[in-house]
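Asks: with the sequence up front, the predicted model follows.
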Amino acid sequence: MPAHSVTRALRRASRHSPARNPRTFAVMMTVDMKTGHADLRIRKADAVSMLDDLHRGKGAGKAWGWLIDMTGVLLLVLSLIGYVLFFTMRSRLRTALVLTGLSVAALAGLFVFFVP
């Protein structure tokens, strides 16, 4: 892939987005790996793209990144604790196993049919 087309596209993006507030523009770049053609789209950011940037931690600083990571770890730990508690109830062990099997099958089906 020619690096010059990607470099040119990145220069164009930096020229069009204002340095004083980079969150006011949404930049999307796709690169065709076979031909090296880079397609760059720059548009004014709307509420959804700003929320997406916050969700990803883009341009939000280290404190926000740590908050995102710690929230993810906390949710994972709480989910595992709930799962362990659900399995310790002997009277509902069969229900827990059936629900676990159905959940795994549904997630596998979603992955097979909807992930390219």
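Replies: Arrived safely.

Asks: who touches L51 in this structure?
Replies: Listed by C-beta atoms under 8 Å, 6 or more residues apart in numbering, L51 has no contact partners. Where you see a C-beta, it was placed from the backbone N, CA and C, and this is true even at glycine.

Asks: what helix or strand is it located in?
Replies: Per DSSP states H and E: L51 is located in helix 47-56.

Asks: what do you get for A60?
Replies: Going by DSSP H and E, A60 is not in any helix or strand.

Asks: gap between stretch 79-87 and the chain center?
Replies: 26 Å (C-alpha atoms, centre = their mean, to the nearest Å).

Asks: quick one, grab the pLDDT at the nearest residue to A60 once chain neighbours are set aside.
Replies: Nearest residue to A60 in three dimensions, chain neighbours excluded: L54, at 6.1 Å (C-beta to C-beta, 6 or more residues apart in numbering). With respect to pLDDT, L54 scores 76.

Asks: and for H16?
Replies: 50.

Asks: over to V104?
Replies: So V104 comes in at 92 (pLDDT).

Asks: would you say it is within a helix?
Replies: Yes. Assessed by DSSP: H, G, I helix; E, B strand; the rest coil, V104 belongs to a helix.

Asks: contacting residues around it?
Replies: Counting by C-beta under 8 Å, 6+ apart, V104 has no contacts.

Asks: the helix holding L51: how far from the chain's middle?
Replies: Taking mean C-alpha positions (C-alpha atoms, centre = their mean), helix 47-56 and its chain are 10 Å apart.
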